[in-house]
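Participant: Structure for the following, please:
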Amino acid sequence: MNIQQQLLDRLNNRSARVSVIGLGYVGLPLAVEFAEAGFTVMGLDVAADKVESINRGESYIIDVPSERVLPLVKSGKLCATTNYDDLRDTDTVSICVPTPLNAIKEPDMSFVISAVESIAKICHDGMLIVLESTAYPGAAEETILPRLAHHSFKVGENVFVAFSPERIDPGNPKYHLRNTPKVIGGVTPECTEVTVALYKAAVDTIVPVSSPKTAEMVKLMENTFRAVNIGLANEMAIMCDKLGVDVWEVIKAATSKPFGYMPFYPGPGVGGHCIPVDPLYLSWKMKTLHYNSQYIQLASEMNAHMPHYVMDKITNGLNDDGKAVRGAKVVVLGVAYKRDIDDVRESPALDVLRLLHEKGAAVVYHDPFVAKLHLEDGTSMQNVAYNDELLNSADCVVITTDHSQFDYQHVLDHAKLVVDTRHVTSPRTGKARVVLL
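Facilitator: Model prediction:
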């Protein structure tokens, strides 16, 4: 029996030892799903507090309740470590580490490279390595294959390599890991077959594609589509404002068309671990091929401009009340990039807070999911209590996230001025003067 068939047999009978590197919003749900499918799973993270939390059976991810983690830990199906040596006997490795942008908006692959170099040192015959972290087309093969070749492994024969992009949407009550189709692209057909055998245990629908580069492009296509269309919606909001037209009414009416239109909505910018970042990975890659991706660049510029546009709305709203931004008490409601989560990565609310600080406002924030913040300018902030006094004393309340915990009618009944970037207050009435995006 060859090495591939031996691994396939272990995957099919759930005796394979599975590992996940990076136990964040992507890695922890994946590790839990694999463990619930019957595999013995070891997670690895460089953050000791995360590892300790998992080994106590406690989750720090909203989408994964501790009630799912604790039974798996107690049964020995799930554990965590900070030491790569503990993965020496593992059969599969799924890499779910961050791939951010650096200071000049170029890909930072350092976390992936570090993980791959550590894996290469403990790699053995029959190991499957899957990169899930979003990257530029060609990244999986460029980062993994040379490091395996250095140790004389032959991909598709005695080791297997694939790219399978994560599709996690934090806080989504309908779509989660198991019911979201999984795209898989192996370096060879054998690599794809082995990877499918692993992931079909955790995901209901598998979508094999011809190569890792194709799978990488699928992920970038998805999020570039969203970034470009959000950029268009944001520009429409600005144009409608100049024309004296309600952009929200326009979108609602346009959505009545049963074909050829899909609604996207304006906001204070784009946030999260995907939409603001992923298209720039593709744009960077194309620049290395002497091609300038104009749509990506325009959308990125438009979306990055939106916090400044929100700041203009705040400034003009205060001015209409005879007040300056400097010294004004401004309350920002919601700092996570989307509703009902604690993820502030790339959140446009952080830019709004920074701009308010720069203009001299006395700014505070309330977000039931985010206890503290550290802004890029070094400013540290803590969540303040939400109450009548907070709203009554504010010169302006800015809504940057639509959390289900917020009673927006209560905001309108107590605030003087509300700048609503999410269109959550307009159907209601109250004493507050409302300025929409």
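
Participant: Please count neighbours and contacts with C-alpha atoms only from this point.
Facilitator: Noted.

Participant: buried residues in stretch 147-155?
Facilitator: Of the residues in stretch 147-155, those buried under the neighbour-count criterion (16 or more other C-alpha atoms under 10 Å) are 147, 148, 153, 155.

Participant: my bad, stretch 316-328
Facilitator: 316, 317, 318, 324, 325, 328.

Participant: shaky segments in the stretch 301-437 of the chain?
Facilitator: In the predicted model of the stretch 301-437 of the chain, no residue satisfies pLDDT under 70.

Participant: if we can go back for a sec, which one among the buried residues of stretch 147-155 gets closest to residue 421?
Facilitator: Top of the list for closeness to residue 421, among these and by C-alpha to C-alpha, is residue 147 at 47.3 Å.

Participant: Among the buried residues of stretch 147-155, which are located in helices?
Facilitator: Using DSSP state H, the members of the buried residues of stretch 147-155 that fall in helices are 147, 148.

Participant: okay, the buried residues of stretch 147-155 in TSV with distance to residue 118 next?
Facilitator: TSV is the format used below for these (distance: C-alpha to C-alpha, whole Å):
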residue	distance to residue 118
147	10
148	11
153	15
155	18
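
Participant: What is the most widely separated pair among the buried residues of stretch 316-328?
Facilitator: Spanning the widest gap among those are 316 and 328, at 12.7 Å by C-alpha to C-alpha.

Participant: residues in contact with the closest residue in space to residue 360 that isn't next to it in sequence?
Facilitator: In space, not counting the residues next to it along the chain, residue 360 is nearest to residue 326; the distance is 4.2 Å by C-alpha to C-alpha, 6 or more residues apart in numbering. For residue 326, the set of contacting residues under the criterion of C-alpha atoms under 8 Å, 6 or more residues apart in numbering consists of 359, 360, 361, 362.

Participant: do that again at 6 Å, thanks
Facilitator: The contact partners of residue 326, taken as C-alpha atoms under 6 Å, 6 or more residues apart in numbering, are 359, 360, 361.

Participant: gap between it and residue 359?
Facilitator: 6 Å (C-alpha to C-alpha, to the nearest Å).

Participant: what does residue 436 give?
Facilitator: From residue 436 to residue 359 the distance is 21 Å (C-alpha to C-alpha).

Participant: Quick check: which element contains residue 228?
Facilitator: Under the assignment given by DSSP states H and E, the secondary-structure element containing residue 228 is helix 212-243.

Participant: What is that helix packed up against?
Facilitator: In terms of contacts (3 or more C-alpha pairs under 6 Å, 6 or more residues apart in numbering; DSSP states H and E), helix 212-243 is packed against strand 182-186, helix 294-320.

Participant: do that again at 8 Å, thanks
Facilitator: In terms of contacts (3 or more C-alpha pairs under 8 Å, 6 or more residues apart in numbering; DSSP states H and E), helix 212-243 is packed against helix 139-149, strand 159-163, strand 182-186, helix 247-254, helix 278-288, helix 294-320.

Participant: Please name whichever of the ones you listed is nearest to residue 422.
Facilitator: When the helices and strands packed on helix 212-243 are ranked by distance to residue 422, counting by C-alpha to C-alpha, first place goes to helix 247-254 at 9.9 Å.

Participant: What angle do helix 212-243 and that closest one make with each other?
Facilitator: Computed with axes from the mean of the first three to the mean of the last three C-alpha atoms, to 10 degrees, the direction of helix 247-254 lies at 120 degrees from that of helix 212-243.

Participant: Show me what helix 247-254 is packed up against.
Facilitator: Contacts defined by 3+ C-alpha pairs under 8 Å, 6+ apart place helix 247-254 against helix 212-243.

Participant: starting at the chain centroid, how far to the helix it packs on?
Facilitator: 15 Å (C-alpha atoms, centre = their mean, to the nearest Å).

Participant: And for stretch 372-379?
Facilitator: Taking the mean of its C-alpha atoms, stretch 372-379 sits 20 Å from the chain's own mean (C-alpha atoms, centre = their mean).

Participant: Would you work out how far apart the start and end of it are?
Facilitator: With C-alpha to C-alpha as the measure, the first residue of stretch 372-379 is 11 Å from its last.

Participant: Show me what counts as buried in that stretch.
Facilitator: The neighbour-count criterion (16+ other C-alpha under 10 Å) identifies residue 373 as the buried residues of stretch 372-379.

Participant: circling back: the more surrounded of residue 436 and residue 359?
Facilitator: The residue with more neighbours, out of residue 436 and residue 359, is residue 436; 21 against 16, by other C-alpha atoms under 10 Å.

Participant: Let me see the ranges of the helices in the chain.
Facilitator: For the chain, helices defined by DSSP H occupy the ranges 3-12, 27-36, 48-55, 66-74, 110-122, 139-149, 189-199, 212-243, 247-254, 278-288, 294-320, 348-358, 388-393, 408-414.

Participant: Appreciated, that's everything.
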